[in-house]
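Peer 1: Below: sequence and its predicted model.
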Amino acid sequence: MSFFKKLKEKFVKDQESEEEQKNLQSDVEAGESADEERPLDGETEGPIDEMSGTDQPGAWGTDEVAEPPVDEERSEAEKEIIPGDDEREEEQENLEGLQKEPDEEEKVSIASKFKMGLAKTRDSFSSKINDLVARYRTVDEDFFEELEEVLISADVGVTTVMEMIEELEMEVKRRNVQEPQKVKEIISEKLVEIYYGDDEAADIEGLNENPDGLTIYLFVGVNGVGKTTTIGKLAHRLKSEGKNVTLAAGDTFRAGAIEQLEEWGKRVDVNVTKHNEGSDPAAVIYDGIQSAKSKNADVLICDTAGRLQNKVNLMNELSKVKRVIEREVPGAPHEVLLVLDATTGQNAMSQAKTFSEATDVSGIVLSKLDGTAKGGIVLAIRNELDIPVKLVGLGEKVTDLETFDAHAFVYGLFADMIEEYEDEEETL
Ligand SMILES: Nc1nc2c(ncn2[C@@H]2O[C@H](COP(=O)(O)OP(=O)(O)OP(=O)(O)O)[C@@H](O)[C@H]2O)c(=O)[nH]1
Ligand SMILES: [Mg+2]
């Protein structure tokens, strides 16, 4: 089956089922007393999010914002997949049968988030690709040379691009593709293949969990990349899944860092263990673990300071923190997540190398993908550092954190072409 078609079937809600759902939703609404608080099909946009803070790291706690109940902050898409109360569960059950399977629904809403978050990259990438295929009549060497440049300009990384071009050339020959238009689809397919390499999706996607007790996630990364924000978003998500989550304010270095995490704790309604500024981060984490154990928490997420001025200090600090975690909970930390800011481009690669030397990084969180036109960095990180991208930040809202999914990512890059796919075929 054509790869675009595959992605379309997986991620694009077909018109028919959308219509059916709308009709059914209006039936459900008409048959019930009006539920003003939780409209099923109300305004298209959720309330403006107030949890994102400012662009200035460290400005937390200074701005007085009204705290809307967490529930109201769910995006419409999320409301669809996370039942808020019994009533909604009932509604969901009523809708069953005519809707797609819930997990398919979920896939569609995740894909639309990738689409939104990758808008900048897509605009730049797909216009360059479209321009390229329009200018060439045949797929020749010059075509590939230009394609190489397009991929490099999207921060895919030189080594990865070289590998990709080589594979594309082989595939184009194998399938005897003559028209540049057709290459678009092969590019999308190869991007997914290159991302996975020899690994199975299930082995590299999603966060590792402790099946027999407390799961601990340790967040590391230089300052300003989005560690604390991501911790807040992740805590919210895990809590929405029914988990008992707690946080530890291990950034005792930067002024205001503890308050920032506390603020998140209040906003997403989870407990935060803290000490005073300047105290030993390992001691905070130790207390966090004891507190998590005493509260029977499912997940403890640890924040750390983001400074790299002194690599030796950083290494010492991180290894001390890690030793404490390992000693207190065998098998922990279940993930050491390095947060990288996608907008910093290739600099993110050197950060990843430095941190990998300091500690065993198990996964990458790529934040601010929404803020860059160079989302290809995902592939460079995965391919050149051999560390999987576990989570991506697709915006500043509390719900703008997604588990990385290479298919949804590629859908986000090629969304317009994929959505148009059948129309094009029909007119052929
Ligand atoms: N657009 C966008 N902004 C983000 C995302 N993630 C984080 N930010 C913003 O990035 C800024 C810095 O985030 P923080 O969470 O404070 O970063 P940090 O790594 O904890 O920084 P330090 O505590 O100084 O080490 C904030 O303004 C966040 O709102 C994202 O996915 N998209
Ligand atoms: Mg922070």
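Peer 2: Structure's in. What do you need? Residues are numbered from 1 along each chain as shown. Ligands and ions are numbered 1, 2, ... in the order given.

Peer 1: Pairing partners for the one residue in the stretch 251-400 of the chain that gets nearest to ligand 1 in the sheet, please.
Peer 2: Nearest to ligand 1 in the stretch 251-400 of the chain, going by Cβ to the nearest ligand atom, is Gly393, at a distance of 2.3 Å. The way it works is simple: take the backbone N, C-alpha and C, and place the C-beta from them, glycine included. Judged by DSSP bridges, the bridge partners of Gly393 are Leu401.

Peer 1: who touches whichever residue of the chain sits closest to ligand 2 in this structure?
Peer 2: Evaluated by Cβ to the ion, the chain has Thr228 as its residue closest to ligand 2, separated by 3.3 Å. For Thr228, the contact set (Cβ atoms under 8 Å, 6 or more residues apart in numbering) comprises 60, 251, 257, 260-261, 264, 303.

Peer 1: Give me the secondary structure label for it.
Peer 2: helix (DSSP: H, G, I helix; E, B strand; the rest coil).

Peer 1: Just the pLDDT at it, thanks.
Peer 2: With respect to pLDDT, Thr228 scores 96.

Peer 1: same deal with the one 10 residues further on?
Peer 2: With respect to pLDDT, Leu238 has a value of 97.

Peer 1: returning to what we had before: you'd agree the residue of the stretch 251-400 of the chain closest to ligand 1 is up against Lys368?
Peer 2: Yes - under the criterion of Cβ atoms under 8 Å, Gly393 makes contact with Lys368 at 5.6 Å.

Peer 1: residues shared between the contacts of those two?
Peer 2: Joint contacts of Gly393 and Lys368 (Cβ under 8 Å, 6+ apart) are 226, 342.

Peer 1: the more surrounded of those two?
Peer 2: Gly393 (26 against 22; other Cβ atoms under 10 Å).

Peer 1: How is this structure partitioned into domains?
Peer 2: Segmentation of the chain into domains, based on the TED database, reads 110-201+414-427, 204-405.

Peer 1: which one of those domains is the most hemmed in?
Peer 2: Mean neighbour count (mean count of other Cβ atoms under 10 Å) peaks for domain 204-405 among the domains of the chain, with a mean of 20.

Peer 1: Can you name the helix or strand that Ala202 falls in?
Peer 2: helix 201-204 (DSSP states H and E).

Peer 1: So what touches that helix?
Peer 2: Contacts of helix 201-204 (Cβ under 8 Å, 6+ apart): 196, 388, 405-406.

Peer 1: ok, now with 6 Å
Peer 2: Pro388 (Cβ atoms under 6 Å, 6 or more residues apart in numbering).

Peer 1: just stretch 399-407 next, same as before
Peer 2: Contacts for stretch 399-407 (Cβ under 6 Å, 6+ apart): 75, 78, 110, 113, 192, 195, 206, 233, 389, 391-394.

Peer 1: what about that stretch, start to end distance?
Peer 2: 20 Å (Cα to Cα, to the nearest Å).

Peer 1: and that stretch, what's its mean pLDDT?
Peer 2: On average, stretch 399-407 scores 94.

Peer 1: Over to stretch 363-376?
Peer 2: 93.

Peer 1: returning to that earlier point: now the domains of the chain in TSV, with distance to Lys8?
Peer 2: Formatted as TSV, those follow (distance: least, Cβ to Cβ, whole Å):
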stretch	distance to Lys8
domain 110-201+414-427	5
domain 204-405	16
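
Peer 1: Okay, now the unreliable bits of this structure?
Peer 2: 14-102, 308-310, 422-428 (pLDDT under 70).

Peer 1: What parts of it come near ligand 2?
Peer 2: 227-228 (Cβ under 5 Å from the ion).

Peer 1: Which positions in the chain make contact with ligand 1?
Peer 2: 52-55, 57, 221, 223-229, 251, 254, 257, 306, 339, 367-368, 370-371, 393-396, 400 (Cβ under 6 Å from any ligand atom).

Peer 1: Please flag which of the residues you listed sit within strands.
Peer 2: If you go by DSSP state E, the residues of the chain next to ligand 1 have 339, 367, 393 in strands.

Peer 1: remind me, longest helix of the protein?
Peer 2: Looking across the chain with DSSP state H, the single longest helix is helix 406-427.

Peer 1: how far out from the middle of the chain is the helix holding Ala202?
Peer 2: 15 Å (Cα atoms, centre = their mean, to the nearest Å).

Peer 1: what ranges do the strands span in the stretch 201-350 of the chain?
Peer 2: Here the stretch 201-350 of the chain has its strands, by DSSP state E, counting those that start in this stretch, at 215-220, 245-250, 271-273, 299-304, 335-341.

Peer 1: Make a markdown table out of those and add distance to Glu9.
Peer 2: Converted to a markdown table, these look like this (distance: least, Cβ to Cβ, whole Å):
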| stretch | distance to Glu9 |
| --- | --- |
| strand 215-220 | 34 |
| strand 245-250 | 35 |
| strand 271-273 | 43 |
| strand 299-304 | 34 |
| strand 335-341 | 32 |
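
Peer 1: quick one: which of those is nearest Ser126?
Peer 2: For Ser126, the closest of the strands of the stretch 201-350 of the chain is strand 335-341, at 23.4 Å, according to Cβ to Cβ.

Peer 1: Which elements pack onto that closest one?
Peer 2: strand 215-220, strand 363-367 (3 or more Cβ pairs under 6 Å, 6 or more residues apart in numbering; DSSP states H and E).

Peer 1: I would like the residues contacting it, please.
Peer 2: Contacts for strand 335-341 (Cβ under 6 Å, 6+ apart): 207-208, 217-221, 225-227, 230, 348, 355, 359-368.

Peer 1: Now for the residue nearest to Val339 when sequence neighbours are not counted: which residues touch it?
Peer 2: Take Val339 and drop its neighbours on the chain: the residue closest to it by Cβ to Cβ, 6 or more residues apart in numbering is Gly221, 3.7 Å away. Contact analysis of Gly221 by Cβ under 6 Å, 6+ apart lists 227, 306, 338-339.
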